[in-house]
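**Student:** quick one, fold the following:
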Amino acid sequence: MNIAVCVKRIPKTAEADIFIEKDGSDIKKDHLVFYLNDWDGYAVREAALLKEKHGGEVTVITVGPEEAKEVLTRCLAMGADRALRIEEPPTQDSYLIAKILSRAIKNQAFDLLLLGVQAEDDNCGQVGVSLAQMLGLPHAAIVNHIEIEGDKAKVRRELEGGIEELTELKLPAVLTIQTGINEPKYVSLAALLEAEDKEIKDLGMEELGLTLSESVDTKIDQVFFPPVGKMAEILKGNPEEVVTQLTEIIKKKKG
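**Tutor:** Model prediction:
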């Protein structure tokens, strides 16, 4: 079974000071630490587990700058066999990334294409389903369990309200992977050092029949911090006093 996993290098912003570019088009990233998108990490791990069970190869693919090779090296240390970095366009959106990936993948003999449900930086969740549409392949989103039986994949996926759906897809297919589908594996230093000796192939936009000036359907108009609202009110006193205060607040709010 040959599996392709599309991954993304994203900035770690949870515990960092965030600043916005003067033109308001994006956040400043030169001082941020980058790492493998969490959802994509689960997808790589799932691909490695499927390879252990069914054989084959795992190829990881990213669209990004030269620095994105660090993320690909980590994926190789996690069990991937090959890695491909595609040149990053000056401007991009989910549609353009899916288009670039589809050009790189369309003539390849992959049985499964795995992607994370979404990326932590933009939370769009559109690349996987857009890629499936462009390639004309069946797909399932928010997948948390996969079983391969012959030329079919039986998957369980999350729906709204805590409901799950069992569905069956004919291979090749595209699946977007939810966190928690597996237990992440610790990547040792030895595995990382060994992965650094593996080749990472580079591919230019022109080799895919695209140009760096390829247009996008969406553009960022402005990035801004949400306005600061009223601070939370802490109710003080013993339980009876707090209940009385809370009751008065509810009455005022006509709750």
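**Student:** ranges for the strands of the stretch 101-250 of the chain?
**Tutor:** Across the stretch 101-250 of the chain, reading from the start of the chain, the strands by DSSP state E, counting those that start in this stretch fall at 112-116, 139-149, 152-158, 164-170, 173-177, 200-203.
**Student:** which one of the ones you listed lies closest to V223?
**Tutor:** strand 112-116 (22.4 Å; CB to CB). All C-beta atoms are positioned from the backbone trio N, CA, C, and that covers glycine.
**Student:** give me the sheet partners of that closest one and which way each runs.
**Tutor:** Strand pairing for strand 112-116, determined by DSSP bridges: strand 2-7 (parallel), strand 173-177 (parallel).
**Student:** adding mean pLDDT and distance to A132, write the ones you listed out as TSV.
**Tutor:** Formatted as TSV, the entries for these read as follows, by pLDDT from 0 to 100; distance: least, CB to CB, whole Å:
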stretch	mean pLDDT	distance to A132
strand 2-7	96	11
strand 173-177	96	4
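**Student:** just the strands of the stretch 101-250 of the chain: most buried one?
**Tutor:** The densest packing among those, expressed as mean neighbour count by mean count of other CB atoms under 10 Å, is seen in strand 112-116 with a mean of 28.
**Student:** can you tell me what sits against that one?
**Tutor:** Strand 112-116 is touched from outside by 1-8, 37-44, 46-47, 50, 105, 127-128, 131-132, 135, 137, 153, 171-177, with contacts defined as CB atoms under 8 Å, 6 or more residues apart in numbering.
**Student:** that strand: how far from the chain's middle?
**Tutor:** Relative to the centre of its chain, strand 112-116 is centred 10 Å away, using CA atoms, centre = their mean, to the nearest Å.
**Student:** next, the angle strand 164-170 makes with it.
**Tutor:** Strand 112-116 runs at 150 degrees relative to strand 164-170, counting by axes from the mean of the first three to the mean of the last three CA atoms, to 10 degrees.
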